[in-house]
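J.: coords below, sequence missing:
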DNA sequence: TCAATATATCAACATATCTTGATATATTAT
DNA sequence: ATAATATATCAAGATATGTTGATATATTGA
């Protein structure tokens, strides 16, 4: 029950659904990429990424000070179906701003 | 997004997960059956049943003063997968107490 | 070591959700 | 019409969750 509710409550937020959809669309991103792309302040993103990670939806790979987040793979049936559902939502997905590549990550 | 979040937030509660599992296991029940079986006060049940209904998981059929709730059918893929997930949770399912049949519904 | 940068966590406040007991509504039987 | 019963809704309080700005931690480079 705990694990199920953790998954479900992770999905129960518009911000986190957007983050999932964004990572699903564009692949691995570091926090500052997400900041510039989604126009969210860092503490807010960090919080939601942690929740999504602990719910088993995403993984993080650290490279130096950067933290690269991506959809975890493989996903179990339920999480996969949730992701599929999210994929078909008509939400406005902002374009990817890869500030990490260009060393212009100064947010 | 709204519809998705409505489904998800309906799932995001231990009480409602139990109600879903219960209806899935035992089929159609009226509110007083649920009261006596799940040992919950009536206003609490009524609230959660409403949320589950509005989220598309259950339906209600009125017969006189009784309201019979059951899992809605057909369910879409996501809701069905959620139900399947719930089916495999190891939760303590109390036995069915069909007080409605015997006219002993006096809670 | 020190400064700069990326990320994580904390504290305070605002908002949402759950629980309970009280009340309202609706149907049935007398 | 009145009483009894089943269900729904409301109000108030308690708990959980989200947002923000400030601070902490950790890594890199000078």
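T.: Yes, it's here. Keep in mind that what you see is a predicted model, and the values were worked out from it rather than measured.
J.: how deep is the residue nearest to residue A:62 when sequence neighbours are not counted tucked in, by neighbour count?
T.: Counting by Cβ to Cβ, 6 or more residues apart in numbering or on different chains, residue A:62 lies nearest to residue A:68, which is 7.5 Å off, once chain neighbours are set aside. Every residue, glycine included, has its C-beta placed from N, CA and C. By other Cβ atoms under 10 Å in any protein chain shown, the residues close to residue A:68 number 16.
J.: centre of the chain versus the helix or strand hosting residue A:68, how much separation?
T.: In this assignment (DSSP states H and E), residue A:68 forms part of strand A:66-71. Distance of strand A:66-71 from its chain centroid, counting by Cα atoms, centre = their mean, to the nearest Å, is 8 Å.
J.: same deal with stretch A:73-86?
T.: Relative to its chain's centre, stretch A:73-86 lies at 14 Å (Cα atoms, centre = their mean).
J.: same question, stretch A:23-39
T.: Relative to the centre of its chain, stretch A:23-39 is centred 7 Å away, using Cα atoms, centre = their mean.
J.: Is it in proximity to chain B?
T.: No. Using Cβ under 8 Å from any Cβ of the partner chain, we find that stretch A:23-39 stays clear of chain B, coming within 14.2 Å at best.
J.: So which residues of chain A form helices?
T.: For chain A, the helices defined by DSSP state H occupy A:2-11, A:14-26, A:31-38, A:42-54, A:77-87.
J.: Find the one among those with the highest mean neighbour count.
T.: Of all these, helix A:31-38 carries the top mean neighbour count, a mean of 21, counting by mean count of other Cβ atoms under 10 Å in any protein chain shown.
J.: quick one, that helix and helix A:14-26 angle?
T.: With axes from the mean of the first three to the mean of the last three Cα atoms, to 10 degrees applied, the angle from helix A:31-38 to helix A:14-26 works out at 100 degrees.
J.: Check what contacts stretch A:64-74 and list those residues.
T.: Residues outside stretch A:64-74 that contact it (Cβ atoms under 8 Å, 6 or more residues apart in numbering or on different chains) are A:20, A:23-24, A:27-32, A:34, A:49, A:53, A:56-62, A:83, A:100.
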